[in-house]
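Participant: fold the following for me, if possible:
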Amino acid sequence: MAGYILALDQGTTSSRAILYDDHARPIKMVQQPTTLQTPRAGFVEQDAQQIWQTQISCAHDVINRAGLLATDVTSIAITNQRESIVMWDKQTGKPLAPAIIWQDRRTANYCKTLAAESATNSTNDPVHPGVDSVNMAHEVQRITGLRLDPYFSASKIAWLLENNPKLSVRASRGEIAVGTIDSWLIYKLTGGEHVIDVTNASRTLLFDIHKLAWSETLCDRFAIPMHILPKVLPSDGDFGKTKKGLFAKQIPIQAVLGDQQAALFGQGCLDAGMAKNTYGTGCFMLMNIGQQPKLSEHKLLTTIAWQRKTSPIRPDNLSFDQIVQSGKRMLQPPKKEVTYALEGSVFMAGAIVQWLRDNLGMIQQSSDVEDLARQVDSSEDVVLLPAFTGLGAPYWRSDISASITGMSRGTTKAHIARAALEAVAYQTYDVLIAMQKDSPHPLTELRVDGGAANNDLLMQFQADLLGVPVLRPRDTEITAKGAALLAGLKTGLYDESTMKASWQVDRVFEPSMSADARERHLAKWQQAIKRSLMPL
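Facilitator: Numbers count the residues shown, from 1 in each chain. Okay, the predicted model is just below:
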């Protein structure tokens, strides 16, 4: 079966479009930058129209540059920055405010106040039934698997409605729509479909990951009318077709995944216990935990990895004659199986290297850090604690400051560079150990992607700390590929063998450090953490 998958990858700083052939190989990619605005401290916004215009421009351009026609495209797949939201007019399709981006912190005090107020609510509260005297943070985790934090979408939507009375009135009249970036793109592509994929819905702080539905309790608590929210579909659902005139034919949209979930799928982490780590500005680590959600007891997030339809199966594996004799249906209908994941976020990874480059002037470009770090055999006693914006999972301490400890008169910039790379690996170790405690499935390997995954010194140190192989694939465009693979499986362009063949290892980093050396490294890191957590 010939055909192509058009993957739209809408990220925080750019929009991209990549075409994949019938063997899931990327044949052409086009990228355009998008602009972030920070009008006030803590505010991070984007022009929603620019997001759409750059994305559709990339889509048209990549087809043209590949020498193809829209009629050659079998399906569209979408992957996107998560938690960011757009609010628009249902009739005109025009944005009613700038898109509020996941990095935005304007609602930090709102979330703190909400948590404090909810602690005094009684179970008989007529205004907010179902929210009892336990604090709101606990209730949010129980329903959504997430933390009560401005990182997620709910407080962003609540802020728009609270600070724009006209929008609140229009929302009550059903005149506006709101959604994450996938919803916005689908609305514009189809000319009116107001839907969302389940993985993106699970990042809003409004979605019950157990019932697979919007939570009336949380929508009420955030004062968000449920009718302005999109319809939730499986990750390989039918999201509609592109509107007439947008392309030479109407192309179905048949796979949507949030970016980190798409990376998990693209890395082939389909079995419980498999994990991937994306080394970008920060680190996003996800572990497949199977078809039962498990709330973290170690300050991680529980999220939906994907929901996809299974193939129809014969009842009880009976033969055709047996089915006829028994009177049973020939095939059992496919199920919409949900896979869950544990997730941990590290705030500073590649950003540490950027700090060495831009603030300290130690290197000319980020890729120089490995050569600098290799000038010494060890960081000795130097530890860089990269809490420039506090510590993320599993500590979640915004009040901690960055520090460099253990320096002596003989310390050089090479020691600091090596300590910087080690800090990335140490933070990853902390998160994955927390995942191990939460998950009954032992970690047997870690699949990696992202820019810093190309640093051999870092990857080897990571393998040594974890005590398991670290696998780096040849194709580093994992996010777009994950969405494309799901679309290809949905349409029949790909099968399971295509999926397995598409993931090819570039290098395996086997652990080689002695147990004693490993323990010395970890003790050094844990001592630095302990010092930082001590009250002044």
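
Participant: my guess is L286 meets Q260, correct?
Facilitator: Yes - between L286 and Q260 there is a contact at 5.8 Å, judged by C-beta atoms under 8 Å. (C-beta placed from N, C-alpha, C; glycine too.)

Participant: intersection of neighbour lists for these two?
Facilitator: Overlap of the contact sets of L286 and Q260 (by C-beta atoms under 8 Å, 6 or more residues apart in numbering) consists of E343.

Participant: show me where pLDDT drops low in the protein?
Facilitator: The chain contains residues with pLDDT under 70 at 1, 118-134, 310-335, 535-536.

Participant: in it, where's the longest strand?
Facilitator: What stands out as the longest strand in the chain, according to DSSP state E, is strand 336-346.

Participant: next, the buried residues of it.
Facilitator: Residues K336, V338, T339, Y340, A341, L342, E343, G344, S345, V346 are the ones in strand 336-346 that count as buried (16 or more other C-beta atoms under 10 Å).

Participant: just to be sure, L286 is in a strand?
Facilitator: Yes - assigned with DSSP: H, G, I helix; E, B strand; the rest coil, L286 falls within a strand.

Participant: quick one: it and G344, what's the gap?
Facilitator: L286 is 8 Å from G344, where distance means C-beta to C-beta, to the nearest Å.

Participant: cool, and R531?
Facilitator: For R531, the distance to G344 - C-beta to C-beta - is 22 Å.

Participant: same for the longest strand of the chain, what does it pack against?
Facilitator: Applying 3 or more C-beta pairs under 8 Å, 6 or more residues apart in numbering; DSSP states H and E, one finds that strand 336-346 contacts helix 259-266, strand 283-290, strand 301-309, helix 413-438.

Participant: dump those to TSV, plus distance to R25 and mean neighbour count.
Facilitator: Below are the helices and strands packed on strand 336-346 laid out as TSV (distance: least, C-beta to C-beta, whole Å; neighbours: other C-beta atoms under 10 Å):
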stretch	distance to R25	mean neighbour count
helix 259-266	13	29
strand 283-290	25	24
strand 301-309	22	23
helix 413-438	30	23
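
Participant: can you say which of these is nearest to A115?
Facilitator: Closest to A115 of the helices and strands packed on strand 336-346 is strand 301-309 (C-beta to C-beta; 16.7 Å).

Participant: report the strands that pair with the closest one, each with its relative direction.
Facilitator: Sheet pairing here is set by DSSP bridges, and for strand 301-309 it gives strand 336-346 (antiparallel).

Participant: between the strand it pairs with and strand 283-290, how big is the angle?
Facilitator: 150 degrees (axes from the mean of the first three to the mean of the last three C-alpha atoms, to 10 degrees).

Participant: check contacts around the closest residue to G273 other than its chain neighbours.
Facilitator: Leaving aside its chain neighbours, G273 sits nearest to H441 (2.9 Å; criterion: C-beta to C-beta, 6 or more residues apart in numbering). By C-beta under 8 Å, 6+ apart, the contact list for H441 reads A272, G273, M287, I289, G290.

Participant: how about the residue nearest in space to the middle of the chain: what's its closest non-neighbour residue?
Facilitator: Centroid-nearest residue in the chain, with C-alpha atoms, centre = their mean: Q260, separated by 2.9 Å. Computed as C-beta to C-beta, 6+ apart, the closest residue to Q260 that is not its neighbour in sequence is F284, at 4.7 Å.

Participant: test my guess that that neighbour contacts Q261.
Facilitator: No - here F284 does not reach Q261: they are 10.0 Å apart, not a contact under C-beta under 8 Å.

Participant: tell me where the stretch 51-200 of the chain has helices.
Facilitator: 108-118, 136-144, 154-163, 165-172, 181-190, 198-201 (DSSP state H, counting those that start in this stretch).

Participant: to Y279, which of those lies closest?
Facilitator: Comparing the helices of the stretch 51-200 of the chain by C-beta to C-beta, helix 198-201 comes nearest, at 21.1 Å.

Participant: how much space between P469 and S168?
Facilitator: Counting by C-beta to C-beta, the gap between P469 and S168 amounts to 53 Å.

Participant: S401 now?
Facilitator: S401 is 39 Å from S168, by C-beta to C-beta.

Participant: these two: which has the busier surroundings?
Facilitator: Neighbour count, other C-beta atoms under 10 Å: between S401 and S168, S168 has more, with 15 against 10.

Participant: excluding residues flanking it in the chain, which one is nearest the more buried one?
Facilitator: Once flanking residues are discounted, S168 sits nearest to L161: 4.6 Å by C-beta to C-beta, 6+ apart.

Participant: same thing with C219?
Facilitator: Using C-beta to C-beta, 6+ apart and skipping the chain neighbours, the partner closest in space to C219 is M226 (5.0 Å).

Participant: what separates the one you found from T278, distance-wise?
Facilitator: Computed as C-beta to C-beta, the M226 to T278 distance reads 33 Å.

Participant: looking at those two, which is more packed in?
Facilitator: Neighbours per residue, other C-beta under 10 Å: of M226 and T278, the larger number sits with T278, 25 against 12.

Participant: what about the more buried one, which helix or strand?
Facilitator: When secondary structure is defined by DSSP states H and E, T278 falls within strand 275-279.

Participant: returning to what we had before: wait, the residue nearest to S168 touches R170, no?
Facilitator: No - if you go by C-beta under 8 Å, L161 and R170 don't touch, sitting 9.5 Å apart.

Participant: of those two, which one has the most company?
Facilitator: Legend: neighbour count by other C-beta under 10 Å for L161 and R170, higher for L161 (22 against 18).

Participant: thought K28 was touching N64?
Facilitator: No - counting by C-beta under 8 Å, K28 stays clear of N64, with 9.4 Å between them.

Participant: of the two, who's got more company?
Facilitator: Taking other C-beta under 10 Å, K28 and N64 do not tie; K28 has more neighbours (18 against 13).

Participant: residues touching the closest residue to that one other than its chain neighbours, list them.
Facilitator: Leaving aside its chain neighbours, K28 sits nearest to A66 (4.1 Å; criterion: C-beta to C-beta, 6+ apart). By C-beta under 8 Å, 6+ apart, A66 lies in contact with Y4, L19, I27, K28.

Participant: ok, D9 next?
Facilitator: Neighbour list for D9: S15, R16, A17, I18, T79, N80, D259, T479, A480, A483 [criterion: C-beta under 8 Å, 6+ apart].

Participant: now do T74
Facilitator: Contacts of T74 (C-beta under 8 Å, 6+ apart): G3, Y4, I5, A487, G488, T491, L493.

Participant: against V62, how distant is the fourth one?
Facilitator: Read it as A487. 15 Å.

Participant: cool, and the fifth one?
Facilitator: Taking C-beta to C-beta as the criterion, G488 is separated from V62 by 17 Å.

Participant: give me the more crowded residue out of the two.
Facilitator: Remark: of G488 and V62, G488 carries more neighbours, 30 against 24, as counted by other C-beta under 10 Å.
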